[in-house]
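**Student:** Kindly generate the corresponding structure for this input.
(one chain, ligands or ions: 1)
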Amino acid sequence: MKRKIVSVLMCASMTAALFAGCGGSSDTAADAPANDAAADKAEDKADDAAADDAAADDAAADDAAADDAAADDAAAGGSDGGTITIGFAQVGHESDWRTASTKSCQDVFSTENGYDLQFVDCDNDAAAQIEAVRGFIQQAVDYIIIDPIVSTGWDTVLTECEDAGIPVIVIDRTIDDSDKYVSWVGSNFKTEGLAAGEWLKAYAAEKGISEINALVIEGSTGASATLGRTEGFKEIADANGWTILDSQTGDFTEAGGQEVMESYCKSYEGKFNVVVCQNDNEAFGAMTAMKNAGVEYGVGKDVIVISFDACTAGLEKVMSGDINADFECNPLAAPDVEKVIQTLESGGTPEKEIYMTEHWYVNEDILSSITVDGQEQPLTVVTQEIIDAQY
Ligand code: GYE
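**Tutor:** Numbering: from 1, shown residues only. Just a heads-up that it's a prediction; the model follows:
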């Protein structure tokens, strides 16, 4: 692959907070591949010597790139020649999940591991994200990683990537109107929604709750994570005759969750017994709103709280009984993305779809499993040990 080492300014909207991670220790399963990668990169340095010469010649032929490369080398204290440049168009910084996803990429695609990661925080702006991708094309990066804010509107820019010969790897959310990318690494959001519904069905039966009146706080509009979770939960609700009183976006943020729940508490006072929040941060906001409105929620209370993501702070709320059940969405995609890149570097063809493994977490030890899409899946009671190991 043709490589140009290009130094660019990091996006101004990138903040130090994004590097801080989401609290709790990092997942050891994620560390292992990253460490392996460091060793592999060291070996690669020798093997890549010829390719590196070619890359250097290439840079010399292109004045601007050569100048940039020189500046980059100076800043890095000399080039190792084998650096892989990656442009990553991240959704934004809306949630704990997002912080963990960003950290996962920065840990794996670090300078020490042989990467030059150009990170752009797109601040939940779909148009800005497409422009970020175009910027990466101009910089002639080696690979582009996209976590698509919305699932449509991608074919034109992905064609531009293809024409430029830059492989695109999609992570987390899906692109639904183009297949011009090499691989996607993420979660099955519909399965997460189905799991939440199946858990509620089994839990209600166990507790003798005969009527379900649910309020849904959706994630960001047009995001595949929102679409899948909404569809999955609705499928079970419809099949069981539950009432979904309302379903509005909280934009995957704590402030959004609080605002939507404040209005729900007024409009549906005394009429709901389940709140489904499509991520933990929305659940934190919703709990604040319910507390302020005098609504009793959580284990053994009037309102069952369901959440998604299961980041450290979410699991703490499950353990304390404020959230009844939390459906994990694993943000640590970067080690799998690195495997995709390694496969491409060695001339192979990576899998088109790679699914993350995730768990369903609960507070009470009353149900051991649920059946989702015909598959029996365990329910895990949250312990301090689990919280400590979570991202
Ligand atoms: O659930 C939410 C984040 O795309 C799966 O985005 C991700 C979602 C995640 O903001 O917390």
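**Student:** pretty sure residue 85 is touching residue 139, no?
**Tutor:** Yes: using C-beta atoms under 8 Å, residue 85 is in contact with residue 139, at 7.5 Å. No exception for glycine: its C-beta is placed from N, CA and C like everyone else's.
**Student:** So which of the two has more stuff around it?
**Tutor:** Using other C-beta atoms under 10 Å as the criterion, residue 85 and residue 139 rank with residue 85 on top: 24 against 18.
**Student:** The more buried one: what secondary structure?
**Tutor:** Secondary structure state of residue 85, per DSSP: H, G, I helix; E, B strand; the rest coil, is strand.
**Student:** ditto for the one 4 residues further on
**Tutor:** Taking three-state DSSP as the rule, one finds residue 89 in the strand state.
**Student:** Tell me who's in contact with it.
**Tutor:** Applying C-beta atoms under 8 Å, 6 or more residues apart in numbering, we find residue 89 in contact with 120, 122, 129, 132-133, 136, 144-147.
**Student:** tell me the mean pLDDT over stretch 110-127?
**Tutor:** Stretch 110-127 shows a mean pLDDT of 98.
**Student:** In that stretch, which residues are buried?
**Tutor:** Neighbour-count burial for stretch 110-127, counted by 16 or more other C-beta atoms under 10 Å, picks out 113-124, 126.
**Student:** Stretch 208-222 too?
**Tutor:** Quick answer for stretch 208-222 (16+ other C-beta under 10 Å): 212, 214-220, 222.
**Student:** repeat for stretch 98-112
**Tutor:** Buried residues in stretch 98-112, defined by neighbour count with 16+ other C-beta under 10 Å: 98-109.
**Student:** And these, which is closest to the ligand?
**Tutor:** residue 98 (4.9 Å; C-beta to the nearest ligand atom).
**Student:** Name the residues of the stretch 251-391 of the chain found near the ligand, please.
**Tutor:** 252, 279, 308-309, 329 (C-beta under 6 Å from any ligand atom).
**Student:** Just grab the bridge partners of the nearest residue to residue 188 once chain neighbours are set aside for me.
**Tutor:** The spatial neighbour of residue 188 that comes closest, neighbours along the chain excluded (C-beta to C-beta, 6 or more residues apart in numbering), is residue 355 at 6.2 Å. The partner list for residue 355 in beta bridges (DSSP bridges) reads residue 186.
**Student:** For residue 355, list the residues it contacts.
**Tutor:** 186-188.
**Student:** so which of these is the most crowded?
**Tutor:** Neighbour max across those (other C-beta under 10 Å) = residue 187, 24 neighbours.
**Student:** I'd say that one and residue 358 touch.
**Tutor:** Yes: using C-beta under 8 Å as the test, residue 187 is close enough to residue 358 to be in contact (6.3 Å).
**Student:** Now do the shared contacts for those two.
**Tutor:** 329-330.
**Student:** Would you check how far apart residue 272 and residue 203 are?
**Tutor:** Per C-beta to C-beta, to the nearest Å, residue 272 is found 16 Å from residue 203.
**Student:** for the stretch 251-391 of the chain, what spans make up the strands?
**Tutor:** Along the stretch 251-391 of the chain, counting by DSSP state E, counting those that start in this stretch, strands occupy 274-277, 304-309, 325-328, 353-355, 360-362, 369-372, 375-381.
**Student:** If you count neighbours, what's buried in the longest one?
**Tutor:** Okay, so that is strand 375-381. Applying 16+ other C-beta under 10 Å to strand 375-381 flags 377, 379-380 as buried.
**Student:** for that strand, the distance to its chain's centre please.
**Tutor:** Strand 375-381 sits 22 Å away from the centroid of its parent chain (C-alpha atoms, centre = their mean, to the nearest Å).
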